[in-house]
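Colleague: Would you be able to build a 3D model of this:
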Amino acid sequence: MKPQIKLISTLVVLALTPLTFADDKNGPWSELDAEPASETVDDTWTVTYKDGLQLSDTDGSNTFKIGGRIMYDLGWQTGEDKLGGSQAEVRTARIYIKGRLNGNVSYKANYDLANKDGKVAIKDLYMEFDDLYGVRVGHFKEPQSLNYMTSSKYITMIERAGIVNAINPGRNSGVGTSRQINDNTTLAFGLFKDVSNGFSDTSGQWSATCRATHLFSDSLHVGASGSSRGGSGTGISTRPGHHMAGSVTLADGDVNAQDSTLYGLEAAWLNGPFSLQAEYISQSFDTLNDAEVNGYYVTASWFLTGEHRPYSKSGGVFSRVVPSKVCGAYELTARLDHSQGEGADTVKVDDLIIGINWYTGRNSRIMLNYVMADIDEGGAESNYDALLLRFQVDF
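Modeller: As a prediction, the model looks like this:
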């Protein structure tokens, strides 16, 4: 056979070889040439609305929710040595987004458009990683006080207690976690720094804060919190029962610039439509005169229409009241509040607040508070009364 014929025959055999194994599904050629198996992916997203507009995929591993709240206040005040007259205020105008990514990361961004200096204020801005035992990183609430940890949408009075507003650390940047130890017990702790965005030599020092709660017999909540804090260089003041002009200074800036220790005790009792809630909070400063700011409050609540204050076991806080009747839910409220600062001078603030809340629906309520306050600023005594009205919606 001529060389040319041998070459042509060889090329034909090589060209036809793949066809020889084309029907052999276990053959090497079929494995190389086969299309990769396609996975069935369900990319269906659903849109739902409940206390906010939410998008979620089929198994809920990816979600996106947007919502907000508006609180509009009216107030009338009269008294000795305090600014009188009337006042109107957009107390809160918040918008938030939150959700989950890939089933193991949560996030939230919460902004307040009604900040007093006209700027948009960051409230919450954090990420939470399930694979790191639920560690949260960013800007969020330090775990301290039942009154503070309960959302402002669900608190009983228009404003939080005076001692809570005075010395609660609020929201700061840091890292922390909150765990539900068992069905009735929670534990939260973290490291925080009072600092604005960016690095600065004058930023606040690090603080460590923790809170633990337990619910007995589905009716008695008890809790304790503590915080070891670095100085922040700002004074401590409070507004008895309201957010109008006329704050009272409990400690000056030099006091709060020192290291301090803060602790709190909390309790709440639930019995059908009736509830009691109380806290004692104290902050002592490392100063020559051993300055201290402390106080307590006791709040009572009774639903005339038979509802009760829902309790969230996962957070050790109170949650949303849902009216059971078409006319809504009516709640009578009262709070006794005491705050004092002890240092070079002793300042005492006492107020009694009575009120009524009308929950017109799941996402709206109207609140009316009457405040009677007595103030003793180093022997200089004064008093005033205030009538407060709030209109509130969340969406």
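Colleague: Look up how far residue 144 lies from residue 261.
Modeller: As judged by CB to CB, to the nearest Å, residue 261 and residue 144 stand 12 Å apart. For glycine as for every other residue, the C-beta is placed from the backbone atoms N, C-alpha and C.
Colleague: same question, residue 218
Modeller: Distance from residue 218 to residue 144, by CB to CB: 24 Å.
Colleague: For stretch 50-61, buried residues please.
Modeller: 52, 54, 56, 57 (16 or more other CB atoms under 10 Å).
Colleague: Give me the mean pLDDT for that stretch.
Modeller: On average, the pLDDT along stretch 50-61 is 94.
Colleague: neighbouring contacts of it?
Modeller: Here stretch 50-61 makes contact (CB atoms under 8 Å, 6 or more residues apart in numbering) with 42-48, 62-67, 100, 102-103, 320, 362-363, 394-395.
Colleague: Ok, stretch 218-227 next?
Modeller: 142-146, 169, 207-216, 261-271, 311, 316.
Colleague: Can you say which of the contacts of stretch 50-61 are buried?
Modeller: 62, 63, 64, 65, 67, 100, 363, 394.
Colleague: Name the nearest residue to the fourth one, ignoring sequence neighbours.
Modeller: For residue 65, the nearest residue in space outside its immediate sequence neighbours is residue 54; the separation is 4.1 Å by CB to CB, 6 or more residues apart in numbering.
Colleague: Assign the one you found to helix, strand or coil.
Modeller: Reduced to three states with DSSP: H, G, I helix; E, B strand; the rest coil, the structure at residue 54 is strand.
Colleague: what separates it from residue 314, distance-wise?
Modeller: Distance from residue 54 to residue 314, by CB to CB: 19 Å.
Colleague: what does residue 273 give?
Modeller: 23 Å.
Colleague: out of these two, which sits in the busier spot?
Modeller: residue 273 (17 against 11; other CB atoms under 10 Å).
Colleague: In contact with the more buried one: list those residues for me.
Modeller: By CB under 8 Å, 6+ apart, the contact list for residue 273 reads 302, 303, 304, 305, 306, 307, 308.
Colleague: Which other helices and strands does the helix or strand containing the first one contact?
Modeller: Going back to what we said before, that points to residue 302. Residue 302 is part of strand 292-303, with elements assigned from DSSP states H and E. Secondary-structure packing of strand 292-303 (3 or more CB pairs under 8 Å, 6 or more residues apart in numbering; DSSP states H and E): helix 162-167, strand 274-285, strand 329-342.
Colleague: so what's residue 301 up against?
Modeller: Neighbour list for residue 301: 156, 274, 275, 276, 277, 309, 331, 332, 333 [criterion: CB under 8 Å, 6+ apart].
Colleague: now swap in residue 153 and tell me
Modeller: By CB under 8 Å, 6+ apart, the contact set of residue 153 is 69, 320, 392, 394.
Colleague: Could you check how far it is from residue 383?
Modeller: Applying CB to CB to residue 153 and residue 383 gives a distance of 31 Å.
Colleague: For this protein, just list every one of the helices.
Modeller: Using DSSP state H, the helices of the chain run over 3-20, 28-33, 146-149, 162-167, 253-256.
Colleague: Give the rounded mean pLDDT of the last one.
Modeller: What that stands for is helix 253-256. 60.
Colleague: ok, now which ones touch residue 354?
Modeller: Counting by CB under 8 Å, 6+ apart, residue 354 touches 333, 334, 369, 370.
Colleague: make it 7 Å
Modeller: Each residue near residue 354 by CB atoms under 7 Å, 6 or more residues apart in numbering is listed here: 334, 370.
Colleague: any idea of the pLDDT on residue 195?
Modeller: Confidence score, pLDDT, at residue 195: 73.
Colleague: please begin residue numbering at 6 from this point
Modeller: From this message on, residue numbering opens at 6, which makes the last subject residue 200.
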